[in-house]
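Asks: using only what follows, build the 3D model:
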Amino acid sequence: MAKNLLIVESPAKAKTIEKILGSDFEVKSCYGHIRDLEKVEMGIDIKKGFKPSYIVPEAKEKVVKELKQLAKKSGEVWLATDEDREGEAISWHLCEVLGLDPATTKRIVFHEITKPAIKSAVEKPRTVNMNLVNAQQARRILDRIVGFELSPILWRKMSMKNNLSAGRVQSVAVRILVERERAINSFQALSSFKIDADFKAKDINGKPVTFKAEGSRKNDEQDAQKFLEGCVKATFKVDDIQKKPAKKSPAAPFTTSTMQQEASRKLGYGVSKTMLLAQKLYEAGHITYMRTDSVSLSETAMQDISNQITTSYGKEFLQTRKFKNKNESAQEAHEAIRPTYMDKTSVDIADGQRLYDLIWKRTMASQMADAELEKTIADISISTQKEKLKAEGEVMKFEGFLKVYNESKDEEDENDENVNEGMLPLLEVGQSLDLQSLTATERFTRPQPRYTEASLVKKLEELGIGRPSTYAPTISTILKRGYVEKRDKEGVKRDYRILTLQNGKIDKKVDQENTGAEKGKLFPTDLGSVVTDFLIQYFTHVMDYGFTAKIENEFDEIAEGDQDWSKMLKEFYSPFKKDVDHTMEKAERISGERELGNDPVSGKRVIARMGRYGPMVQMGESTEEEKPKYAKLRTDQSIETIQLNDALELFKLPRILGEFENNEVQVNIGRFGPYIAHDKKFYSLSKEFDPYDISLETAIPIIIEKRKAKDERTVKVFEKEKIQLLRGPYGIYIKKGLRNFPIPKEKQDEAKDLSIEDVQVMIEHAIANPSRGKRKAKKKS
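Replies: Reported below is the predicted structural model:
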């Protein structure tokens with residue numbers, strides 16, 4: 001009897017499921033999507049109701065061929081792709097390619113890869129849900145339309161290399177970053193003086209301890225000085241004591257978004273790394289499906305968690321909860337991310353243990369008792385002042401869920417003066433206190449921090465933009481396109497003033513702090529800012545947060561069967577196409593130009609703008625008599641913030657450093673970055689060297705070292721034809737200008753003996769026969 005064929009997306013998932021189902025099933029992987037829209041004419045027939053035209057990419061032809069052969073031999077084909085819209089679409093594409101009827105082909109879904117879940121799914125198969133398929137198709141088609149229509153406009157209207165692109169979600173994500181960056185750049189820090197008092201009192205054992213109290217902030221140094229002077233001869237006593245019980249409750253179990261955020265805060269993982277590890281954990285059967293916006297837990301899971309809490313910590317730590325989604329349209333899956341078995345505390349997946357541990361703890365904590373605290377607030381009167389000081393302390397009465405897990409916070413959610421409240425000594429009303437010191441410290445307001453990958457995901461989710469399956473690809477795209485950079489920023493030193501009252505005297509001093517340092521943050525590039533401004537100007541709807549969220553809701557309605565997908569696309573396309581045609585015809589070319597002033601020596605106008613190879617400054621205009629001067633911006637400079645003096649410094653290149661071997665040594669910045677020029681040869685400079693500061697003494701060893709390395713690589717040179725034979729990591733190859741050409745394996749050993757005629761034949765052959773991988777897939781299905 002022929003086996004059943006069960007098709008899943010990944011080989012790892014196939015391996016796990018095959019072990020569960022046994023000999024009745026052969027489980028094979030389709031390796032993700034097997035078809036995509038054609039590139040020709042967008043792959044969409046607008047006039048025929050946005051009918052898509054799909055092709056099997058060349059890379060998937062072998063997989064499809066194998067699946068077709070297996071399908072013919074099998075007793076029955078089952079589809080077990082992921083349970084979200086992407087997974088449903090893959091199942092439908094498999095039906096189309098393998099000649100299966102979507103209305104009758106058995107389709108199974110499960111939230112976890114465990115024996116009970118898989119067996120239950122096989123017992124209750126369904127068919128392909130065409131509403132989910134249509135929702136995915138609508139998203140794919142709409143995003144293809146936006147990308148194909150907007151990208152050529154950017155190519156036409158910007159003097160850049162043709163790698164610019166725009167997208168419905170990616171462009172809005174960049175806008176969020178650009179707006180935050182501009183808010184930071186325009187932020188003016190305001191100072192005030194924070195009042196802190198150190199008192200001494202006896203603790204419960206009669207031992208003297210120091211504790212802190214705070215006063216109200218003072219607007220300026222004069223007010224702070226006046227307050228401290230008024231306290232020189234003051235006495236201090238406890239005026240009132242309040243004790244309040246307090247509780248802390250655990251967070252809900254993980255959704256895709258909250259998992260990405262916590263993995264970033266606690267583990268330092270980027271969004272893509274988190275999803276890659278979560279995928280591995282899911283496919284190995286360790287956690288439930290990792291693309292979800294649901295916070296609910298199944299009854300079986302809650303029982304398993306309850307048993308684990310009771311066994312590990314005792315009944316007093318158990319407090320079951322049923323969490324509800326704020327987002328009523330939560331649809332990507334039906335359960336939160338959790339371990340499949342709570343008694344399993346470790347996994348055998350490289351790099352996966354730390355993420356698994358985070359998921360396990362978060363899941364456990366969600367069903368544990370509240371933490372119980374007692375908060376003490378003591379008001380302290382000042383004999384010479386009307387205002388009072390306030391001392392606060394906190395005592396943990398019962399750990400509850402904090403025994404296992406505590407949720408981290410983003411910078412923007414943290415208090416500016418995040419005081420770690422400890423215990424207060426035993427105080428009584430009327431008790432006199434011994435002042436040790438009273439300090440007024442200058443503090444500054446801070447702008448909102450730049451986004452991390454995880455906090456950007458949080459923002460997109462808050463705005464209703466994108467869904468669990470789109471967050472990681474969106475961030476990867478904007479980084480890859482050069483609209484955004486992920487990097488660190490060094491802080492700058494800033495003076496702050498401190499006034500201290502101690503032993504009846506007031507001392508003043510100035511100290512320094514490091515401010516503005518950031519690690520692993522997302523910075524919009526000048527390119528990202530210029531493109532964002534252009535799109536906002538001409539495509540207001542596409543760039544509007546509310547409109548983008550509305551589109552997402554319409555996809556949800558299609559998934560529920562409440563809206564026709566082609567009608568939805570038509571309503572979007574008609575006004576959008578008018579904007580496209582108008583912009584292509586009427587919009588002026590854009591460069592993000594910003595005037596900086598005039599060169600004090602020549603009087604020529606200096607501007608910052610986007611050039612063909614990135615942000616640059618320009619001095620003078622192009623005339624018949626002379627051409628303007630150009631200079632690239634440094635990596636830490638921006639069109640929006642660079643000042644005239646900084647721009648003039650950039651024109652100091654090229655710099656002549658001196659002579660070496662009777663030839664001039666020059667340093668400059670070119671298309672591919674900074675370099676040293678010597679004896680008609682060029683040597684690239686690594687990032688550790690600054691072309692504006694490098695000396696001749698530093699440059700000479702670089703020339704010698706690079707020349708030696710080049711000599712070792714060089715096999716043969718044809719000077720007249722400017723062709724070189726060089727050694728590379730994969731053997732000897734031909735270099736002509738900026739292009740490289742292969743030398744066949746059988747000719748490698750005799751490469752040094754090749755004539756110029758031999759080499760030219762190899763170049764002509766390589767040009768006439770480009771690698772097969774570069775050819776476009778032509779096969780349709």
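
Asks: for the residue lying farthest from the centre of the chain, list the residues it contacts.
Replies: The centre of the chain is farthest from one residue, Lys233, which by C-alpha atoms, centre = their mean lies 55.8 Å away. Listed by C-beta atoms under 8 Å, 6 or more residues apart in numbering, the contact set of Lys233 reads Thr384, Gly504. Where you see a C-beta, it was placed from the backbone N, CA and C, and this is true even at glycine.

Asks: same deal with Lys244?
Replies: Going by C-beta under 8 Å, 6+ apart, Lys244 touches Glu374, Lys375, Thr376, Ile377.

Asks: and the strand or helix carrying it, C-alpha only, in PDB?
Replies: Using DSSP states H and E, Lys244 maps to strand 236-248. Extracted C-alpha coordinates of strand 236-248, given in PDB (Å, rounded to 0.1, in the frame of the first residue of the first chain):
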ATOM      1  CA  PHE A 236      14.700  67.800  60.700                       C
ATOM      2  CA  LYS A 237      12.100  65.500  62.100                       C
ATOM      3  CA  VAL A 238       9.700  62.800  60.900                       C
ATOM      4  CA  ASP A 239       6.300  64.500  60.300                       C
ATOM      5  CA  ASP A 240       4.200  61.600  59.000                       C
ATOM      6  CA  ILE A 241       4.600  57.900  58.100                       C
ATOM      7  CA  GLN A 242       2.400  56.000  55.700                       C
ATOM      8  CA  LYS A 243       2.500  52.300  55.000                       C
ATOM      9  CA  LYS A 244       0.800  51.000  51.900                       C
ATOM     10  CA  PRO A 245       0.500  47.500  50.600                       C
ATOM     11  CA  ALA A 246       1.400  47.200  46.900                       C
ATOM     12  CA  LYS A 247       1.200  44.400  44.300                       C
ATOM     13  CA  LYS A 248       3.000  43.600  41.100                       C
END
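
Asks: residue ranges with poor pLDDT in the stretch 1-150 of the chain?
Replies: Per-residue confidence for the stretch 1-150 of the chain (pLDDT under 70) gives these ranges: 1-2.

Asks: pLDDT score for the residue most central in space within the chain?
Replies: Compute the mean C-alpha point of the chain, and by C-alpha atoms, centre = their mean the closest residue is Glu453, 2.8 Å away. At Glu453, the predicted lDDT confidence score is 93.

Asks: what is the neighbour count of the closest residue to it other than its chain neighbours?
Replies: Counting by C-beta to C-beta, 6 or more residues apart in numbering, Glu453 lies nearest to Val271, which is 4.5 Å off, once chain neighbours are set aside. Close neighbours of Val271, defined as other C-beta atoms under 10 Å, add up to 25.

Asks: which ones are touching Val271?
Replies: Gln260, Ser264, Glu453, Ala454, Val457, Tyr471, Ala472, Ile475.

Asks: now list the buried members of those residues.
Replies: Gln260, Ser264, Glu453, Ala454, Val457, Tyr471, Ala472, Ile475 (16 or more other C-beta atoms under 10 Å).

Asks: can you tell me the helix or strand for Gly393?
Replies: Element membership for Gly393, per DSSP H and E: strand 388-398.

Asks: other SSEs contacting that strand?
Replies: Using 3 or more C-beta pairs under 8 Å, 6 or more residues apart in numbering; DSSP states H and E, the elements in contact with strand 388-398 are strand 191-202, strand 208-214, strand 236-248, strand 371-382.

Asks: try it again with 6 Å
Replies: strand 208-214, strand 371-382 (3 or more C-beta pairs under 6 Å, 6 or more residues apart in numbering; DSSP states H and E).

Asks: confirm Asp495 sits in a strand?
Replies: Yes - assigned with DSSP: H, G, I helix; E, B strand; the rest coil, Asp495 falls within a strand.

Asks: pull up the distance across stretch 276-289, start to finish.
Replies: In stretch 276-289, first residue to last residue: 13 Å (C-alpha to C-alpha, to the nearest Å).

Asks: distance from the chain centre to it, please.
Replies: Taking C-alpha atoms, centre = their mean, to the nearest Å, the mean C-alpha location of stretch 276-289 is offset from the chain mean by 21 Å.

Asks: what pairs with the strand holding Lys244, and is each one parallel or antiparallel?
Replies: strand 371-382 (antiparallel), strand 432-444 (antiparallel) (DSSP bridges).

Asks: now for Thr114, how many residues are close by?
Replies: Neighbours of Thr114 (other C-beta under 10 Å): 17.

Asks: number of nearby residues for the residue lying closest to Val63 once chain neighbours are set aside?
Replies: For Val63, ignoring the flanking residues on the chain, the nearest one in space by C-beta to C-beta, 6+ apart is Tyr31 at 5.6 Å. Close neighbours of Tyr31, defined as other C-beta under 10 Å, add up to 15.

Asks: quick one, phi/psi of Tyr31?
Replies: phi 60, psi 50 (degrees, to the nearest 10).

Asks: distance of the residue farthest from the centre of the chain relative to Thr500?
Replies: Separation of Lys233 from Thr500 (C-beta to C-beta, to the nearest Å) stands at 16 Å.

Asks: if I look at the spatially closest residue to Gln748 that is not a sequence neighbour, how far off is Lys706?
Replies: Distances taken as C-beta to C-beta, 6+ apart put Gly731 closest to Gln748, at 5.3 Å, once the chain neighbours are dropped. Distance, Gly731 to Lys706, by C-beta to C-beta: 22 Å.

Asks: looking at the two, which is more packed in?
Replies: Per other C-beta under 10 Å, whichever of Gly731 and Lys706 has more neighbours is Lys706, with 17 against 13.

Asks: list the contacts for the more buried one?
Replies: By C-beta atoms under 6 Å, 6 or more residues apart in numbering, Lys706 lies in contact with Tyr683.

Asks: low-confidence bits of the chain, can you list those?
Replies: Applying pLDDT under 70 to the chain flags the ranges 1-2, 159-162, 327-333, 411-421, 771-781.

Asks: how about the closest residue to Ser249 other than its chain neighbours, phi and psi?
Replies: Among residues not flanking Ser249 along the chain, Asp370 sits closest, at 5.1 Å (C-beta to C-beta, 6+ apart). The phi and psi torsions at Asp370 (degrees, to the nearest 10) take the values phi -60, psi 150.

Asks: ok, back up a step: the residue nearest to the centre of the chain reaches Ile475, doesn't it?
Replies: Yes - Glu453 is within contact range of Ile475, at 5.4 Å (criterion: C-beta atoms under 6 Å).

Asks: state the distance from the nearest residue to Lys629 once chain neighbours are set aside to Asp495.
Replies: Distances taken as C-beta to C-beta, 6+ apart place Met619 nearest to Lys629, at 4.4 Å, with adjacent residues excluded. From Met619 across to Asp495, the span is 35 Å (C-beta to C-beta).

Asks: show me which of those two is the more surrounded one.
Replies: Using other C-beta under 10 Å as the criterion, Met619 and Asp495 rank with Met619 on top: 21 against 9.

Asks: just to revisit the earlier point, and the helices and strands packed on strand 388-398 as JSON lines, adding mean neighbour count and distance to Glu664?
Replies: Converted to JSON lines, those look like this (neighbours: other C-beta atoms under 10 Å; distance: least, C-beta to C-beta, whole Å):
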{"stretch": "strand 208-214", "mean neighbour count": "16", "distance to Glu664": "65"}
{"stretch": "strand 371-382", "mean neighbour count": "18", "distance to Glu664": "71"}
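
Asks: for Val128, helix, strand, or coil?
Replies: Classification of Val128 by three-state DSSP places it in coil.

Asks: what residues are up against it?
Replies: Contacts for Val128 (C-beta under 6 Å, 6+ apart) come out as Ser91, Trp92, Pro102, Arg107.

Asks: tell me how many other residues surround the nearest residue to Met158 once chain neighbours are set aside.
Replies: Closest residue in space to Met158, ignoring its immediate chain neighbours: Ile590 at 5.7 Å, by C-beta to C-beta, 6+ apart. For Ile590, the neighbour count with other C-beta under 10 Å is 19.
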